[in-house]
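S.K.: Here you go, sequence then predicted model.
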Amino acid sequence: MNPKSNARVFDAGRQCVRNSFSDQEKSCSDVSSRACTAFPLRRANLLSRFFALLLPSLIASFPSRSAQREQDFEAARTRMVDQQLRARGIQDDRVLQIMRDVPRHLFVPEEQKAYAYEDKPLPIGFQQTISQPYIVALMTELLAPGPNDTVLEIGTGSGYQAAVLARVAKQVYSIEIVPALASQAAARLQQLGFANVSVIAGDGYKGWPEHAPFDHIIVTAAPPEIPPALIEQLKRGGRMVVPVGKQSKTQNLLVLEKSTTSDHIVGRKVIPVRFVPMVSEPAGKT
Ligand code: SAH
């Protein structure tokens, strides 16, 4: 509950009660007959005192509208975890807890907030989307970063996937090709207290050599083929989760693992998926 808005409701309540109290007294003192003085005034006083004491706590006990909305979102998140994630086979308790905790509605535009916990991707502007919750959970579970790991994400978008990863990994580096999305996501993540995410605007095909090699790499846009720079920037023993395929064809979500002793890569297909394309030029302007 927001203590500030509560304080405001409380003050307004007190003020309101105080006004009605003085009105009672005033109306009484305006009347010159004796009948007015004794009992009615005392009763009015008692009633006023009763309300003066009770009303503020009654008002304070009702959640403000925004607090109520937050509670509704929280309930929707719990349903999302049970019905969309656990029911479809996401098992990692850590991932389920993070999906329950991270407020997806704060990563989508105002007009999409009501749909934030539905089983679908949502538009975030610039012809891009925030991924479906199930896909975010699945990719996080497949990547499985540990608390000392660094992760490179390609395709920051809204910053939601980066926020989810930031709750398990040590540091997340995220690259977004649309500069406006990169700066919005960086500001949002900072405001929400995700201090271990660094976002830059740039082309993810080149990776982020200054911070390489990475324990894990996650790609949230689909390249037609696995970008060689990303393979190079993956640590030995590291894991990459990437949807690969042309837009017109079926894309497959792949998990690639680099050997601990060489640069040999072993890959497996997980499921067919549909992602926005990984491009070399930023997409649309709005
Ligand atoms: N992970 C995001 C969803 C990403 S949608 C989220 O949680 O909201 C895919 C994103 O990849 C888009 O924002 C798109 O602009 C970005 N993208 C596409 N090609 C890219 C590239 N070459 N480098 C970096 N980002 C890219």
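M.R.: Looks like it came in fine.
S.K.: Please, where are all the strands along this structure?
M.R.: Assigned by DSSP state E, the chain shows strands spanning 122-125, 128-130, 150-154, 171-176, 197-201, 214-219, 234-244, 251-258, 265-273.
S.K.: The ones you listed: which one's closest to the ligand?
M.R.: Counting by C-beta to the nearest ligand atom, the ligand lies closest to strand 128-130 out of the strands of the chain; the figure is 3.8 Å. From N, CA and C alone the C-beta is placed, and that goes for glycine too.
S.K.: Which strands and helices lie in contact with the closest one?
M.R.: strand 122-125 (3 or more C-beta pairs under 8 Å, 6 or more residues apart in numbering; DSSP states H and E).
S.K.: what does the strand it packs on rub up against?
M.R.: 107-109, 112, 115-116, 129-130, 157-158, 180-181, 286 (C-beta atoms under 8 Å, 6 or more residues apart in numbering).
S.K.: Residue numbers of the stretch 1-150 of the chain in contact with the ligand?
M.R.: For the stretch 1-150 of the chain, the residues in contact with the ligand (C-beta under 6 Å from any ligand atom) are 128-131.
S.K.: Most widely separated two among those?
M.R.: 128 and 131 (10.2 Å; C-beta to C-beta).
S.K.: Give me the common contacts of the two.
M.R.: With C-beta under 8 Å, 6+ apart as the test, residue 128 and residue 131 both reach residue 157.
S.K.: about what we covered before: would you mind giving the strands of the chain as CSV with mean pLDDT and mean neighbour count added?
M.R.: CSV is the format used below for the strands of the chain (pLDDT from 0 to 100; neighbours: other C-beta atoms under 10 Å):
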stretch, mean pLDDT, mean neighbour count
strand 122-125, 98, 18
strand 128-130, 97, 22
strand 150-154, 99, 26
strand 171-176, 98, 26
strand 197-201, 98, 19
strand 214-219, 98, 25
strand 234-244, 98, 21
strand 251-258, 98, 19
strand 265-273, 98, 12
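S.K.: Any chance of a markdown table for those, columns distance to residue 138?
M.R.: Converted to a markdown table, those look like this (distance: least, C-beta to C-beta, whole Å):
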| stretch | distance to residue 138 |
| --- | --- |
| strand 122-125 | 17 |
| strand 128-130 | 15 |
| strand 150-154 | 15 |
| strand 171-176 | 18 |
| strand 197-201 | 20 |
| strand 214-219 | 11 |
| strand 234-244 | 9 |
| strand 251-258 | 8 |
| strand 265-273 | 8 |
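S.K.: Look up how far residue 237 lies from residue 94.
M.R.: The gap separating residue 94 from residue 237 is 20 Å, by C-beta to C-beta, to the nearest Å.
S.K.: Oh, that last question was meant for residue 212, not what I typed.
M.R.: For residue 212, the distance to residue 237 - C-beta to C-beta - is 14 Å.
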